[in-house]
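model the following, please.
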Amino acid sequence: ASTNPISISQDEISEDVIERERAVYMEQAREEGKPEEIAVKIVEGRLQKFFKESTLLAQPFVKNPDVTVEQLITEVSGTVGEKIEVARFARMKIGE
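Sure thing, here's the model as predicted:
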């Protein structure tokens, strides 16, 4: 994975984490002087970016960044004729 995912999919991220991120993004938008209705849209956009960076399935596949991990799994699943599901993952980091 290209970043450090905290979960397999968006559904697995706890509401506490989502609300904490939402509060941080809202505070940032307010500090930038954005009107409330614009701030809400900015927050939603930043949350979507957070989900892309924080979930394994939404991240770009390392060998082909034009395809997400989820798209690759769907493609391979169709090719082999079996459902493929990520049950868990481990991320290793060299040098630490």
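
where does the prediction get shaky in the chain?
1-2, 96 (pLDDT under 70).

longest helix anywhere in it?
Taking DSSP state H as the criterion, the chain has its longest helix at helix 36-54.

other residues contacting that one?
3, 5-7, 10, 13, 18, 21-22, 25-26, 28-30, 34, 58-59 (C-beta atoms under 8 Å, 6 or more residues apart in numbering). In this view, the C-beta of every residue, glycine as well, is placed from N, C-alpha and C.

go with 10 Å
The contact list for helix 36-54, computed with C-beta atoms under 10 Å, 6 or more residues apart in numbering, reads 1-7, 9-10, 12-13, 17-18, 21-30, 32-34, 57-60, 68.

list the buried residues in stretch 32-43.
K34, A39, I42, V43 (16 or more other C-beta atoms under 10 Å).

please apply the same query to stretch 63-83.
Neighbour count says stretch 63-83 has T68, V69, E70, L72, I73 buried, by 16+ other C-beta under 10 Å.

just stretch 49-66 next, same as before
Buried residues in stretch 49-66 (16+ other C-beta under 10 Å): F50, F51, K52, S54, T55, L56, L57, A58, Q59, P60, F61.

okay if I get those as CSV plus distance to A87?
What follows is those, written out as CSV (distance: C-beta to C-beta, whole Å):
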residue, distance to A87
F50, 23
F51, 20
K52, 21
S54, 18
T55, 15
L56, 11
L57, 12
A58, 17
Q59, 17
P60, 21
F61, 18
